[in-house]
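In: One predicted model, sequence on top.
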There are 2 protein chains.
Amino acid sequence: MSTSVVEREDSGSGALTGQVIAAVTAHIHANHLAPGDQLPSETALAAQLGVSRTVVREAFGSMAALRLIDVGTGRRARVSAIDRSVLALVLDHAVHTDQISVQQILDVRRTIELRTAALAALRRDAADAARITALAVAMREDFADAQRVMEHDIAFHETIARTSKNPMFALIVGSFHVVTRQTWPVGWNSRANDAERWHMIEGHEAIAAAVATGDPRAAGSAMAAHFDYSVKALVAAGIT
Amino acid sequence: MSTSVVEREDSGSGALTGQVIAAVTAHIHANHLAPGDQLPSETALAAQLGVSRTVVREAFGSMAALRLIDVGTGRRARVSAIDRSVLALVLDHAVHTDQISVQQILDVRRTIELRTAALAALRRDAADAARITALAVAMREDFADAQRVMEHDIAFHETIARTSKNPMFALIVGSFHVVTRQTWPVGWNSRANDAERWHMIEGHEAIAAAVATGDPRAAGSAMAAHFDYSVKALVAAGIT
DNA sequence: TCCCTCAACCTGTCACACAGGTTTGTTCTT
DNA sequence: AAGAACAAACCTGTGTGACAGGTTGAGGGA
């Protein structure tokens, strides 16, 4: 375990804690650890680095919050797979503290999701396409239950992002769900009538069809139309 | 201070710690706290929630790691402004643990930065445009010092993202710098000769000119050309 | 070979203590 | 009246020791 300091982003904690974070990070990199690989125990690491267990716990806790590692009672920390929750928390916080607006997030979503739809059309296999289509079908079938339509809608976008086969797109799209859960009902309820709600579902069906066909241009266009329609509804509902 | 549990993303910590995180988050939301606003002290919060100071420290530590709050010796925690370091850490970790490739990041960058360039052209004021142009000029002037060219290059892209006036774009683009610092020298060194390096700098100048002119279409095209050229160089250098 | 038990290991939480930093209020000087 | 200096109160970062409860792996028995 190297204690050399690797210059990197500051973690926002104390000096010793920061040093332990750097040391653990260096250890992960130097040993090419992958998700699931174990780290030394808190006690061993404290002895090794000449700090108290408290400091190691602080460091591990910070790294766990960032989902760089995975901690749990009774077992040693392990390197973690990236997940959407970090960015989701950051976005939720940013919206609640008026640092980012919902419309700004939608602009980012539109930018990214036109690309993920096109990539999904290019890179999908038959199972991917079936999964995306099934979600559009589920939206139609669960029309009477807005909560379920919303869950299908969120899963639809995330599945397309996953089908882009670019985990960073999946990560970013996956982070929208917390904010989406707060705004989606407003958009749904703001529709003047059921015909408009059906129109939104038809937009999803068009995206799914383009992905299934393997047509990236059509997929991107369908996604653009969907976003433009949805943004208009949210603006009309007063979400800025 | 409400102790009600707000359903949200799990923080990766213990049960009590998670509850304190939820309580603090609820407090921030319920009181419409903005960046800079103070939170209760660790000791007061521990008494209020009926847990030990250790647990509050764990919760605050996690929230600080996520840059939701800002902690420091001798003073109470405050609500924090969002910053790029969280996503930067996540990306760096993802690359080092082979969860995201550099090429995948570049695809995301291209998608986003074509949009930020176009928005910057639409939304820039004279000072913005001057700032962007100055960075392109600095790249040319510091040509003999690769390290400085790289810093100007990174600042160039971040300034454009900021000029998009969408903080989420700025956040995402700002997160690339750690990984970029690791790959940029490879790309620069992989160029066959100085003529190719000048060509890259001319690409930046073209973007700056389009932004200054206020032409979003030209800005997007120039940014696309820049990325396509840079991606080719990194691929040729073996970065996948 | 599979299942159960148990010992060793491990983390989450608690209480207490101390070093060093920040904030606030009061007093003094200009 | 405004600014500077000082001290007390408040506050966080780190350390120590303890205990409750969970995980893991080895050994033994069916």
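Out: Everything's here; your move. Numbering: from 1, shown residues only, chains lettered A, B, ... in the order given.

In: Specify the residue ranges that define each domain of chain A.
Out: Chain A breaks down into these domains under automatic domain parsing: A:15-79, A:85-236.

In: Columns mean neighbour count, mean pLDDT and distance to DNA strand D on top of those, output as JSON lines?
Out: Where C-beta positions appear, they are placed from N, C-alpha and C, glycine not excepted. Shown next, in JSON lines, are these (neighbours: other CB atoms under 10 Å in any protein chain shown; pLDDT from 0 to 100; distance: least, CB to the nearest atom of the strand, whole Å):
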{"stretch": "domain A:15-79", "mean neighbour count": "19", "mean pLDDT": "94", "distance to DNA strand D": "3"}
{"stretch": "domain A:85-236", "mean neighbour count": "19", "mean pLDDT": "95", "distance to DNA strand D": "19"}
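
In: Turn these into a markdown table, columns for distance to B:H226.
Out: Output for the domains of chain A, formatted as a markdown table (distance: least, CB to CB, whole Å):
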| stretch | distance to B:H226 |
| --- | --- |
| domain A:15-79 | 30 |
| domain A:85-236 | 17 |
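
In: Quick one: classify A:Q99 as helix, strand or coil.
Out: coil (DSSP: H, G, I helix; E, B strand; the rest coil).

In: For it, which non-adjacent residue is spatially closest?
Out: B:I82 (5.3 Å; CB to CB, 6 or more residues apart in numbering or on different chains).

In: Wait, that neighbour touches B:L171, no?
Out: Yes: using CB atoms under 8 Å, B:I82 is in contact with B:L171, at 6.0 Å.

In: who touches both of those two?
Out: A:90, A:94, A:100 (CB atoms under 8 Å, 6 or more residues apart in numbering or on different chains).

In: Spatially, which residue comes closest to the residue nearest the centre of chain A, not counting chain neighbours?
Out: Of all residues in chain A, the one closest to the mean position by CA atoms, centre = their mean is A:G174, 2.3 Å from it. Leaving aside its sequence neighbours, A:G174 sits nearest to A:R84 (CB to CB, 6+ apart; 3.1 Å).

In: what's the burial count for that neighbour?
Out: 21 (other CB atoms under 10 Å in any protein chain shown).

In: Can you pull the phi/psi pair for the spatially closest residue to A:H93 that is not a sequence neighbour?
Out: Nearest residue to A:H93, sequence neighbours excluded (CB to CB, 6+ apart): B:L68, at 4.8 Å. With angles defined as degrees, to the nearest 10, B:L68 sits at phi -80, psi -30.

In: And the one 4 residues further on, by the same measure?
Out: B:G72 has phi and psi values of phi -170, psi 150 when expressed as degrees, to the nearest 10.

In: same deal with the one 10 residues further on?
Out: When quoted as degrees, to the nearest 10, the phi and psi of B:I82 stand at phi -60, psi 150.

In: contacting residues around it?
Out: A:90, A:93-94, A:99-100, B:67, B:167, B:171.

In: Could you check how far it is from A:D107?
Out: Shown here: B:I82 relative to A:D107, a distance of 16 Å by CB to CB, to the nearest Å.

In: Confirm for me that the residue nearest to A:G174 is in contact with A:V178.
Out: No: when contacts are counted by CB under 8 Å, A:R84 is not listed as touching A:V178 (9.1 Å).

In: Break down chain A into its helices, ranges please.
Out: Taking DSSP state H, the helices of chain A run over residues A:15-30, A:42-49, A:53-65, A:85-96, A:102-123, A:126-141, A:146-163, A:167-174, A:177-190, A:194-213, A:216-236.

In: just checking, what packs against the fifth one?
Out: Using 3 or more CB pairs under 8 Å, 6 or more residues apart in numbering or on different chains; DSSP states H and E as the contact criterion, the neighbours of helix A:102-123 among helices and strands are helix A:85-96, helix A:146-163, helix A:167-174, helix A:177-190, helix A:194-213, helix A:216-236, helix B:102-123, helix B:167-174.

In: Serialize those to CSV and add fields for distance to DNA strand C.
Out: As requested, those are arranged in CSV below (distance: least, CB to the nearest atom of the strand, whole Å):
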stretch, distance to DNA strand C
helix A:85-96, 16
helix A:146-163, 28
helix A:167-174, 24
helix A:177-190, 23
helix A:194-213, 40
helix A:216-236, 39
helix B:102-123, 31
helix B:167-174, 25
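
In: Out of those helices, which is closest to B:W188?
Out: helix B:102-123 (14.6 Å; CB to CB).

In: how many degrees apart are that closest one and helix B:216-236 in direction?
Out: 160 degrees (axes from the mean of the first three to the mean of the last three CA atoms, to 10 degrees).

In: Off-centre distance for helix B:102-123?
Out: On the basis of CA atoms, centre = their mean, to the nearest Å, helix B:102-123 is displaced by 13 Å from the centre of the chain it belongs to.

In: do stretch A:23-32 as well
Out: 25 Å.

In: so does that stretch get close to chain B?
Out: Yes: applying CB under 8 Å from any CB of the partner chain, one finds stretch A:23-32 touching chain B at A:25, A:28-29.

In: And the pLDDT at the residue nearest to A:V186 when sequence neighbours are not counted?
Out: Residue nearest to A:V186 in three dimensions, not counting chain neighbours: A:A237, with 5.0 Å by CB to CB, 6+ apart. We have a pLDDT of 83 for A:A237.

In: So A:A237 sits against A:P185, correct?
Out: No: contact between A:A237 and A:P185 fails when scored by CB under 8 Å: they sit 9.9 Å apart.

In: separation between the closest residue to A:A212 other than its chain neighbours and A:H226?
Out: Of all residues not flanking A:A212 in the chain, A:A129 sits nearest, at 4.2 Å (CB to CB, 6+ apart). A:A129 is 17 Å from A:H226, where distance means CB to CB.

In: A:L89 too?
Out: 26 Å.

In: so who does A:T116 touch?
Out: A:160-161, A:163-164, A:166, A:169, A:173.

In: nope, A:S221 is what I meant
Out: Applying CB under 8 Å, 6+ apart, the residues near A:S221 are A:A210.

In: and the gap between it and A:A118?
Out: Noted for A:S221: a distance of 9 Å to A:A118, by CB to CB.

In: Could you do A:T111 as well?
Out: A:T111 is 12 Å from A:A118, where distance means CB to CB.

In: Same question for A:R84.
Out: A:R84 sits 21 Å away from A:A118, going by CB to CB.

In: Same question for A:I82.
Out: Separation of A:I82 from A:A118 (CB to CB) stands at 23 Å.

In: one step back: around the residue nearest to A:V186, count how many other residues there are.
Out: Neighbours around A:A237, by other CB under 10 Å: 16.

In: ok, now which ones touch the residue nearest to A:F227 when sequence neighbours are not counted?
Out: Leaving aside its chain neighbours, A:F227 sits nearest to A:R110 (4.3 Å; criterion: CB to CB, 6+ apart). Shown in contact with A:R110 (CB under 8 Å, 6+ apart): A:224, A:227-228, A:231.

In: is it true that the residue nearest to A:H93 touches A:D92?
Out: No: counting by CB under 8 Å, A:D92 is not a contact partner of B:L68; they are 9.2 Å apart.

In: Which pLDDT does the model give A:V6?
Out: 30.

In: before we move on, what about A:S13?
Out: 68.

In: coming back round to it: need the helices and strands packed on helix A:102-123 in a markdown table with distance to A:R78, can you?
Out: Shown next, in a markdown table, are the helices and strands packed on helix A:102-123 (distance: least, CB to CB, whole Å):
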| stretch | distance to A:R78 |
| --- | --- |
| helix A:85-96 | 17 |
| helix A:146-163 | 23 |
| helix A:167-174 | 19 |
| helix A:177-190 | 25 |
| helix A:194-213 | 35 |
| helix A:216-236 | 37 |
| helix B:102-123 | 24 |
| helix B:167-174 | 28 |
